[in-house]
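1. build me a model:
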Amino acid sequence: MPSIELICVEQHEPSKLPAFPFAICAEPQLVSHRLPSFFQRNFNELRGCIYHLGSPFCDDADYEGPFFAYELLSERCRDSIPPRFLEFAPEFLPGIFDLVGFLLAASPAHLVIFTTDWQFGPTSARRYRKITEHTFWQRHKSRKLRLNALYPVRPNA
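-> Residues are numbered from 1 along each chain as shown. Below you'll find the predicted structure:
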């Protein structure tokens, strides 16, 4: 199942977040919920807090299964064979947009590391150079964000 994890770089404690239409698990230890993780070695080189995004049912108090973000993906993304691009479902996109902006404002380093890690995605992981928040969302809109990728996102100028 797909894992989507964001690191708020140099943040000391997780932020108190507003309500979102999806599950979020925030932790001060940078440990991926996806094992094996393409990006754990990158996480080990950073300081900050990690935010794991999950499908809405992951927030249910009775739920004890894995924390994953499959339902956050658009049908087009989930149904592509092989799945290569990251596209969020329209009902979750505004919340994820807001979360990225919120974490950028909360980061003392003004940097959020955005990762996707899916065993059914591309077999190799990619690590990209820093891009602006605007560029990140433009790539999302044009289906040019890749699965199994790490994107350092910085605020717009």
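2. quick one: the helices in the protein?
-> Listed in chain order, the helices of the chain (DSSP state H) span 40-44, 75-79, 93-106, 133-141.
3. in contact with Pro108, which residues?
-> Val9, Glu10, Gln11 (CB atoms under 8 Å, 6 or more residues apart in numbering). The way it works is simple: take the backbone N, C-alpha and C, and place the C-beta from them, glycine included.
4. put the buried members of those residues into a ChimeraX selection.
-> Burial among those is assessed by 16 or more other CB atoms under 10 Å; the matching ChimeraX selection reads:
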select :9,11
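5. got the contacts of Pro108 as TSV, with pLDDT and distance to Arg126 columns?
-> Listed next are these as TSV, based on pLDDT from 0 to 100; distance: CB to CB, whole Å:
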residue	pLDDT	distance to Arg126
Val9	98	19
Glu10	98	24
Gln11	98	25
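6. beta partners for Thr132?
-> Arg154 (DSSP bridges).
7. most remote residue from the middle of the protein, which is it?
-> Asp62 (23.9 Å; CA atoms, centre = their mean).
8. phi first, then psi, for that residue.
-> phi -90, psi -10 (degrees, to the nearest 10).
9. pLDDT score for it?
-> With respect to pLDDT, Asp62 has a value of 84.
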